[in-house]
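Q: show me the folded form of this:
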Amino acid sequence: MDLNVWLWIVTSLLATVLLISTSKMFLPRERIAAAGGRAAEWVLDFSPGALRAIAILEFLAAAGLILPAVLDIAPVLVPVTATCVALLFVGATTMRLRRGERATIAADVLYFALAVFVAWGRFGPESFTG
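A: Prediction:
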């Protein structure tokens with residue numbers, strides 16, 4: 001497979017993860033913490049309003065990873081969004097480290113790496129504008 005196909009696969013995966021994560025906007029944080037176990041206890045550190053704000057940003061990120069390229073409207077927003085997603089996961093990893101949750105950061109580090117890959121690929125060799 002060529003790089004463009006891999007970038008679309010990774011972008012779709014990231015968008016899906018972000019969309020699933022928006023469930024915190026609709027579910028009580030206590031239910032999320034109970035269902036997700038140790039990896040989801042962080043939600044108890046945030047107010048429902050803060051969780052809603054995070055979920056809205058994740059929704060916008062999922063849209064920003066896909067829609068600009070699909071609709072061919074400002075496709076440069078795809079790598080910009082991927083960069084922002086990478087920063088989101090830097091924050092998530094930092095939060096987990098501060099909470100002493102070293103065992104649960106693997107997914108955040110993976111998503112960070114995938115977002116960096118998309119940003120690199122779409123700013124560079126498989127740019128929509130080049």
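
Q: next one: the spatially closest residue to Pro68 that is not a sequence neighbour from Ala86, what distance?
A: In space, not counting the residues next to it along the chain, Pro68 is nearest to Leu77; the distance is 4.1 Å by Cβ to Cβ, 6 or more residues apart in numbering. Using the backbone N, CA and C atoms, a C-beta is placed for each residue, glycine as well. As for Leu77, its distance to Ala86 is 15 Å (criterion: Cβ to Cβ, to the nearest Å).

Q: what is the neighbour count of the residue nearest to Pro68?
A: Leu77: 18 surrounding residues under other Cβ atoms under 10 Å.

Q: any idea how far it lies from Phe128?
A: For Leu77, the distance to Phe128 (Cβ to Cβ) stands at 9 Å.

Q: now for those two: what residues contact both?
A: With Cβ atoms under 8 Å, 6 or more residues apart in numbering applied, the overlap between the contact sets of Leu77 and Phe128 consists of Pro68.

Q: where does the chain dip in pLDDT?
A: Applying pLDDT under 70 to the chain flags the ranges 130.
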